[in-house]
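Peer 1: Show me how the following folds:
(chains A and B)
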2 protein chains.
Amino acid sequence: MKRIAIDMDDVMSDTSGRKIEWYERDFGIKLDRSKMKGKYVSQFVPKEHQKIVSDYSQHPDFFWNFDIIPECQRVIEALAGKYEIFIVTAAIPFPNSYNAKYEWLREHFSFIDIRNIVFCGHKYMIEADYLIDDHAYNFEKFKGKGLLFTAEHNMNETRYERVDNWFDVENVLL
Amino acid sequence: MKRIAIDMDDVMSDTSGRKIEWYERDFGIKLDRSKMKGKYVSQFVPKEHQKIVSDYSQHPDFFWNFDIIPECQRVIEALAGKYEIFIVTAAIPFPNSYNAKYEWLREHFSFIDIRNIVFCGHKYMIEADYLIDDHAYNFEKFKGKGLLFTAEHNMNETRYERVDNWFDVENVLL
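Peer 2: Residues are numbered from 1 along each chain as shown, chains lettered A, B, ... in the order given. The predicted structure is shown next:
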């Protein structure tokens, strides 16, 4: 059975959406995602707000109850019938994310065995046939095939095969 | 550079020692480790106490400030000069351990990059040349070489090369 490693933030959960939501809460400005091409939320806001937005992900409330990326549950559950699934998230640098991520996965992806959840930093030491991730740097030393999940910040990346959404993942892998 | 994955509980940190300490606190009985051959602490206590001891590891206070296994810091720091080190701990089933483990590693093993810390369940999907672990079942599907770190509970295991302590690890790997 082939193995797929799947990233969480901006692949399964709408992490950038939370940043946009908090930015509107804090500054009264609704950011337009369609204009963010090639930029993280923290790079898209005015210079004087960048550190504040960067620091959101260290806030104890930030990682709780994220929205789910559309079709993600349905497609991962279908993938789980044909592949071995590991959820591999670079959570370690964000200690406030650990329990929120665990609870979120338990709530929305209860069909995934908790032994198949990985909190890490680097990902290249994970042995898998595929890695679905929004960060191209995770593919650089990864030995399997990287599938770049489209997000505003990676729009200019051209080195890896791209999946724009979970329908695309379904087409490529099922 | 070859890669070593190193388990935490009962390899780096004295997890069983904490169970023995809590058992004495709760029942006034000091357990004799030298008599535990082949058993976990929870299997060594009388039947009516077994669930209580098993549940210690889900208690919010359990994982904080463990004692360090002798010579572990010195040897891992020396290994880090010659190998790529990942700390790979099956923390995910113990949500109360996450922050305690992170803080403990930051305090006592600050020379290890946090991106080289892995909280997981299964370990066989970690690509490494060696895995130092006290649980033989972690070697069964692991593709590298397992080094079984001696602990009371694994004394009867004969399938894998054994290291009795960190001096042994030093002799084998340095």
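Peer 1: contacting residues around stretch A:132-147?
Peer 2: A:3-7, A:9-11, A:90, A:122-124, A:126-131, A:148-151, A:153-154, A:157, A:159-163, A:169, A:172, B:127 (CB atoms under 8 Å, 6 or more residues apart in numbering or on different chains). Heads up, the C-betas are built off the backbone N, CA and C, glycines and all.
Peer 1: How about the secondary structure of A:S42?
Peer 2: helix (DSSP: H, G, I helix; E, B strand; the rest coil).
Peer 1: Quick check: it vs chain B, distance?
Peer 2: For A:S42, the distance to chain B (CB to the nearest CB, to the nearest Å) stands at 20 Å.
Peer 1: which residues does that residue contact?
Peer 2: Contact analysis of A:S42 by CB under 8 Å, 6+ apart lists A:K19, A:Q50, A:V53, A:S54.
Peer 1: Quick check: pLDDT value at the last one.
Peer 2: I take that to be A:S54. Looking at A:S54, its pLDDT reads 96.
Peer 1: count of residues packed around it?
Peer 2: 15 (other CB atoms under 10 Å in any protein chain shown).
Peer 1: Could you do the second one as well?
Peer 2: For A:Q50, the number of neighbouring residues by other CB under 10 Å comes to 15.
Peer 1: can you check the first one too?
Peer 2: As a burial measure, the neighbour count of A:K19 was computed by other CB under 10 Å and equals 21.
Peer 1: Equivalent analysis for the third one, please.
Peer 2: Around A:V53 there are 22 other residues, counting by other CB under 10 Å.
Peer 1: Look up the closest residue to it, ignoring the ones flanking it.
Peer 2: Once flanking residues are discounted, A:V53 sits nearest to A:S42: 4.2 Å by CB to CB, 6 or more residues apart in numbering or on different chains.
Peer 1: what do you get for the first one?
Peer 2: When the adjacent residues along the chain are set aside, A:K19 lies closest to A:V41, with 4.1 Å between them (CB to CB, 6+ apart).
Peer 1: cool, and the last one?
Peer 2: Take A:S54 and drop its neighbours on the chain: the residue closest to it by CB to CB, 6+ apart is A:S42, 4.4 Å away.
Peer 1: my guess is A:I85 is in a strand, correct?
Peer 2: Yes - assessed by three-state DSSP, A:I85 belongs to a strand.
Peer 1: Please list all residues in contact with it.
Peer 2: Here A:I85 is in contact with A:R3, A:I4, A:I6, A:I76, A:L79, A:I112, A:N116 (CB under 8 Å, 6+ apart).
Peer 1: Remind me which helix or strand the closest residue to the third one other than its chain neighbours belongs to.
Peer 2: Okay, so that is A:I6. In this structure, A:I6 finds its nearest non-sequential neighbour in A:I132, 4.9 Å apart by CB to CB, 6+ apart. Counting by DSSP states H and E, the element that carries A:I132 is strand A:130-133.
Peer 1: quick one: strands adjacent to that strand?
Peer 2: strand A:3-6 (parallel), strand A:145-149 (parallel) (DSSP bridges).
Peer 1: Give the ChimeraX command for selecting the buried subset of the contacts of stretch A:132-147.
Peer 2: Here is the ChimeraX command that picks out the buried ones among these, judged by 16 or more other CB atoms under 10 Å in any protein chain shown:
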select /A:3,4,5,6,7,9,10,11,90,122,123,124,126,127,128,130,131,148,149,150,151,153,154,157,160,162,163,169 /B:127
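Peer 1: hey, where'd the strands end up in chain A?
Peer 2: All strands of chain A, identified by DSSP state E, fall at A:3-6, A:84-89, A:117-119, A:130-133, A:145-149, A:161-163.
Peer 1: Reformat the contacts of A:I85 as CSV; add pLDDT and distance to A:D61.
Peer 2: Below are these laid out as CSV (pLDDT from 0 to 100; distance: CB to CB, whole Å):
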residue, pLDDT, distance to A:D61
A:R3, 98, 34
A:I4, 99, 31
A:I6, 99, 25
A:I76, 98, 26
A:L79, 98, 31
A:I112, 98, 25
A:N116, 98, 27
